[in-house]
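got a structure for you, letters missing:
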């Protein structure tokens, strides 16, 4: 075979092997995975969510009292009972406040839905007296918390034997931000007595009286018939006395409507051999007429009016069996229309309900 022919065969063989290798390599190559077609994203539902989730009532804020108060547990328990019995209607959150006056001011500032307050301050606020001008006519009472005396406790070595002896003495008028603090100042001003006021929280005042840094303080008890827990505790660690008003001082306070006057039974406190007159107030939960619906106010008051037995273990004093009658005396101004609805359902006739507590909107 000549040289030219040999070269042709070599070229043919080389071409054959190239084609064969391409075929083999192509057969072994992995197949491309299919690409999924893009799926259509569902459009969001433009319908707004309901304001209240089924089974969970509308959130209601209730500013109660300081945790050092004997009434704190009672009010927290009260809120839990409202949520238990009317949870599909309202969900009450009870939050701590410095005292009734602070809670009341939060209510007036539209920071909360319900606020406990001293009943005397409500009257001033409704009519726009003093700092409450031009007035808050939409205030409405819901349910009574307590009829409470402000007891004066002093160190036995202070030389204080009567209210008039408070002149120039270091006196805490009540926990900061409390109704007790304000009432004390109003009463002592009317009596012409000017102490050296020591403003502080109740916990600090208790320590200060024990240590002799102040001469006395005013402390609100849960009820006239039971001793205040803080004063009882102090009596075990310090020599202190409780001091009452004279009949003349009590009459002046009544005439000027500065406070209620309570008689504290003899022997309620150590070294108290005779009944004692104490100034005080009534604490009532308040709201604005449009803060709660009639149904919500009804449900809130229903716990206080009909479930006193379930509140008994948390109550720092005797349970009030006549709470409605006491409230009529302590809150002689408009009640929420829903609370009037409750009175009727509890068997009261319209002619048994004082006219001054029936708000105009009740007839709407």
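Right, received. Where do you want to start? As the structure is a prediction and not an experimental result, all values here were calculated from the model.

low-confidence ranges, the chain, go.
Residues of the chain meeting the criterion pLDDT under 70: 1-55, 70, 316-318.

mind listing the strands for it?
Per DSSP state E, the chain carries strands over the ranges 58-63, 90-95, 114-118, 139-155, 170-172, 196-197, 216-220, 240-243, 260-264, 276-288.

dump the ones you listed to a markdown table, plus distance to residue 102 and mean neighbour count.
To be clear about C-beta, it is placed using only N, CA and C from the backbone, and glycine gets the same treatment. Output for those, formatted as a markdown table (distance: least, C-beta to C-beta, whole Å; neighbours: other C-beta atoms under 10 Å):
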| stretch | distance to residue 102 | mean neighbour count |
| --- | --- | --- |
| strand 58-63 | 8 | 20 |
| strand 90-95 | 11 | 18 |
| strand 114-118 | 9 | 28 |
| strand 139-155 | 15 | 25 |
| strand 170-172 | 16 | 25 |
| strand 196-197 | 18 | 14 |
| strand 216-220 | 14 | 28 |
| strand 240-243 | 26 | 20 |
| strand 260-264 | 21 | 20 |
| strand 276-288 | 13 | 24 |
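
got those strands as JSON lines, with distance to residue 363 columns?
Shown next, in JSON lines, are the strands of the chain (distance: least, C-beta to C-beta, whole Å):
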{"stretch": "strand 58-63", "distance to residue 363": "25"}
{"stretch": "strand 90-95", "distance to residue 363": "24"}
{"stretch": "strand 114-118", "distance to residue 363": "24"}
{"stretch": "strand 139-155", "distance to residue 363": "15"}
{"stretch": "strand 170-172", "distance to residue 363": "47"}
{"stretch": "strand 196-197", "distance to residue 363": "47"}
{"stretch": "strand 216-220", "distance to residue 363": "37"}
{"stretch": "strand 240-243", "distance to residue 363": "48"}
{"stretch": "strand 260-264", "distance to residue 363": "31"}
{"stretch": "strand 276-288", "distance to residue 363": "19"}
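
what's the closest of these to residue 125?
Taking C-beta to C-beta, strand 139-155 is the member of the strands of the chain nearest to residue 125, at 6.2 Å.

now that closest one against strand 216-220, angle please.
Going by axes from the mean of the first three to the mean of the last three C-alpha atoms, to 10 degrees, strand 139-155 is angled at 140 degrees with respect to strand 216-220.

quick check: beta-bridge partners of the nearest residue to residue 243 once chain neighbours are set aside?
Leaving aside its sequence neighbours, residue 243 sits nearest to residue 152 (C-beta to C-beta, 6 or more residues apart in numbering; 4.6 Å). Under DSSP bridges, the beta-bridge partners of residue 152 are residue 218, residue 243.

I'd guessed residue 152 sits against residue 241; true?
No. Residue 152 is not in contact with residue 241 according to C-beta atoms under 8 Å; the separation is 9.1 Å.

could you list the domains of the chain?
58-146+282-363, 148-281 (automatic domain parsing).

ok, the residue nearest to residue 243 - contacts?
163, 216-218, 242-244, 278 (C-beta atoms under 8 Å, 6 or more residues apart in numbering).

out of the strands of the chain, nearest to residue 349?
strand 139-155 (20.0 Å).

okay, the angle between the closest one and strand 260-264?
Angle, strand 139-155 to strand 260-264, by the same axes, to 10 degrees: 50 degrees.

tell me which stretches of the stretch 201-350 of the chain form helices.
For the stretch 201-350 of the chain, the helices defined by DSSP state H, counting those that start in this stretch cover 202-211, 229-237, 247-255, 294-306, 308-311, 323-330, 337-345.

reformat the ones you listed as JSON lines; add mean neighbour count and distance to residue 148.
Below are the helices of the stretch 201-350 of the chain laid out as JSON lines (neighbours: other C-beta atoms under 10 Å; distance: least, C-beta to C-beta, whole Å):
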{"stretch": "helix 202-211", "mean neighbour count": "19", "distance to residue 148": "14"}
{"stretch": "helix 229-237", "mean neighbour count": "15", "distance to residue 148": "13"}
{"stretch": "helix 247-255", "mean neighbour count": "14", "distance to residue 148": "15"}
{"stretch": "helix 294-306", "mean neighbour count": "22", "distance to residue 148": "15"}
{"stretch": "helix 308-311", "mean neighbour count": "14", "distance to residue 148": "16"}
{"stretch": "helix 323-330", "mean neighbour count": "18", "distance to residue 148": "10"}
{"stretch": "helix 337-345", "mean neighbour count": "21", "distance to residue 148": "21"}
